[in-house]
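Student: quick one, structure for this:
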Amino acid sequence: MDVRHFRYFLAVAEALSFAKAARALHMSQPPLSKRIADMEEEIGVKLFDRTSKKVELTQAGEALVPYARDAILAFDAAVRAARSQSPSRRHRVRIALPPETSRVVIEELVRRLEQLRIEAEPVEACTADQESLLRAGDIDIGVLRLPFDDRGFWVSPPLAQSLGIVMDATHPLCSQPRIFLDDLSPYPLVQFARHYAPGLYDELLRLCAEGGYSPSKILHGVRMTAALLRTEQAVTFTTPRFLKRRGDGGTKELVWRSLQNDPIHWWTSAACRLEDHRGSVKAAIEVVLATVEQHENWLRIPRPEKFAK
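Tutor: Okay, here's the model as predicted:
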């Protein structure tokens with residue numbers, strides 16, 4: 001048994017689902033179940049009660065949780081301490097970024113960190129996956145959409161991006177000189193699936209309802225977004241950069257329009273584990289924030305109190 005078994009155990013203990021834990025660990029379920037079974041056999045106690053409908057911690061499992069977490073923290077701290085004794089060693093920092101991050105940001109981020117003798121390892125991951133990857137120690141820094149479960153994390157002050165709507169160039173709303181949120185009411189909304197960022201998904205729909213927009217239908221899509229906008233007379237919330245990344249700014253097939261009174265925002269923070277907010281990780285977070293603020297027009301706007309936990 002080694003520290004990986006503790007990581008597997010904590011993933012299952014936090015999710016109370018072998019399937020969800022396996023997805024978070026980026027592995028299939030059978031080997032995860034096998035490793036937990038091996039762990040139970042070596043320790044000599046049952047850690048989980050499993051049925052076809054649910055997974056629960058046994059008393060022994062509940063007792064093990066804090067010790068497993070401490071063991072992982074101690075192991076990671078020991079590795080960092082050993083690595084820090086090599087003055088010539090280049091620091092490698094694993095940074096997770098949202099799928100919509102532009103190529104310019106990634107290239108500039110790598111270049112700026114190279115100047116600090118930090119080797120950046122960019123990883124593409126949605127907010128929900130980044131939470132799991134941070135807790136498992138598989139990434140050092142996450143760039144996450146708020147709100148998310150920040151227990152055990154250091155989280156930067158949020159940056160905001162104002163969202164307008166994208167629609168097909170033949171959409172009826174294109175002829176309106178000004179568009180308010182409640183003008184969207186007859187039209188479907190194309191939205192990412194909830195499991196990518198549950199907190200943000202719920203917050204966006206709540207903001208829609210407060211502004212008088214109850215979508216007639218919600219269509220889940222990411223890569224299919226453009227096709228759904230064209231075939232369903234739907235709209236989606238995004239920044240103007242969406243069209244620049246796709247190249248549709250030249251074909252004029254899709255159109256971006258602002259919303260009156262600026263009612264919809266994405267709020268984003270950089271995060272790391274509390275014990276890691278120092279050294280190369282702290283320096284890399286400062287570079288991440290400066291880079292996205294410069295190249296993706298993130299704004300230092302205070303997050304409204306109504307969104308506070």
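
Student: chain center to the strand ranked longest in the chain, what's the gap?
Tutor: Ranked by residue count under DSSP state E, the longest strand found in the chain is strand 265-273. Taking C-alpha atoms, centre = their mean, to the nearest Å, the mean C-alpha location of strand 265-273 is offset from the chain mean by 8 Å.

Student: stretch 216-230 too?
Tutor: 20 Å.

Student: before we move on, what about stretch 181-200?
Tutor: On C-alpha atoms, centre = their mean, the centre of stretch 181-200 falls 17 Å from that of its chain.

Student: what pLDDT, on average, does it get?
Tutor: Per-residue pLDDT over stretch 181-200 has a mean of 91.

Student: first-to-last residue distance for it?
Tutor: Terminal residues of stretch 181-200 are spaced 18 Å apart (C-alpha to C-alpha, to the nearest Å).

Student: so which residue is dead centre in the chain?
Tutor: The chain has T127 as the residue nearest its centroid, 1.4 Å off, counting by C-alpha atoms, centre = their mean.

Student: state the pLDDT value of it.
Tutor: Note for T127: predicted pLDDT of 90.

Student: looks like it contacts P98 (just checking).
Tutor: Yes. Contact criterion C-beta atoms under 8 Å: T127 and P98 qualify, at 7.4 Å. The way it works is simple: take the backbone N, C-alpha and C, and place the C-beta from them, glycine included.

Student: spit out the residues that contact the two alike.
Tutor: Residues touching both T127 and P98 by C-beta atoms under 8 Å, 6 or more residues apart in numbering: R145.

Student: so is L259 in a helix, a strand, or just coil?
Tutor: coil (DSSP: H, G, I helix; E, B strand; the rest coil).

Student: surely it touches D182?
Tutor: No. Using C-beta under 8 Å, L259 makes no contact with D182, being 10.2 Å away.

Student: okay, those two: which has more neighbours?
Tutor: L259 (20 against 12; other C-beta atoms under 10 Å).

Student: what ranges does this protein have for its helices?
Tutor: Along the chain, the segments classed as helices by DSSP state H run 3-15, 18-24, 29-43, 59-84, 103-115, 127-136, 198-210, 225-232, 241-246, 248-251, 279-295.

Student: please identify the deepest-packed of those helices.
Tutor: Neighbour counts (mean count of other C-beta atoms under 10 Å) averaged over each of the helices of the chain peak at helix 127-136, with a mean of 22.

Student: so what touches that helix?
Tutor: Helix 127-136 is contacted by residues 7, 10-11, 14, 24-25, 96, 98, 123, 125, 139, 142-145, 148-149, 152-153, 195-200, 271-273 when judged by C-beta under 8 Å, 6+ apart.

Student: ok, now which ones touch L173?
Tutor: L173 touches I165, M167, I179, D183, L184, Y187, V235, R257, counting by C-beta under 8 Å, 6+ apart.

Student: low pLDDT regions in the stretch 151-300 of the chain?
Tutor: Residues of the stretch 151-300 of the chain that meet the criterion pLDDT under 70 lie in 242, 244-252.

Student: quick check: phi and psi at R278.
Tutor: Backbone geometry at R278, expressed as degrees, to the nearest 10, gives phi -170, psi 170.

Student: same check on G152?
Tutor: The phi/psi pair for G152 (degrees, to the nearest 10) is phi 80, psi 0.
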